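[1] what's the 3D shape of this:
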Amino acid sequence: IPDDACHYHESVDMQRTLTVREMARIQSFPDWYEIESKVTTGGQMRKFEVPQYTQIGNAVPPLLGLALGKVCKELIELSMTNKS
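    As a prediction, the model looks like this:
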């Protein structure tokens, strides 16, 4: 992903880069979810801010987290009933 806010290429043969919101939707984040910070951050500012693209790219998709949480809950409940 480019480190600037310009996501369109001069050549019509090249596909544009997805926006942060489009990437968030692919990751199953709801549209109301607010992503803090700047869209991109370069240089020394990366020590203090995490760009939106990085936040979404590094995130666990919410629906995946929900599914994993349900499986963990079931396994815990199963282990508790087996101890009884």
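
[2] what residues sit buried inside the lowest-mean-pLDDT helix or strand in the chain?
    Counting by mean pLDDT, DSSP states H and E, the chain has its least confident helix or strand at helix 52-58, which shows a mean of 91. By neighbour count with 16 or more other Cβ atoms under 10 Å, helix 52-58 contains the buried residues 52-53, 55-56. The C-beta positions use only the backbone N, C-alpha and C, and glycine is treated the same way.

[3] quick one: those as TSV, columns for distance to P30 too.
    What follows is the buried residues of helix 52-58, written out as TSV (distance: Cβ to Cβ, whole Å):
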residue	distance to P30
Q52	16
Y53	18
Q55	15
I56	13
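
[4] show the contacting residues for the residue positioned nearest the centre of the chain.
    Nearest to the geometric centre of the chain sits I56, at 2.5 Å (Cα atoms, centre = their mean). Taking Cβ atoms under 8 Å, 6 or more residues apart in numbering, we find I56 in contact with 20, 23-24, 27, 29, 35.

[5] make it 10 Å
    Counting by Cβ atoms under 10 Å, 6 or more residues apart in numbering, I56 makes contact with 1, 18, 20-27, 29, 33, 35.

[6] how far away is it from I76?
    For I56, the distance to I76 equals 30 Å [Cβ to Cβ, to the nearest Å].

[7] for the buried residues of helix 52-58, work out which two are farthest apart.
    Y53 and Q55 (7.3 Å; Cβ to Cβ).
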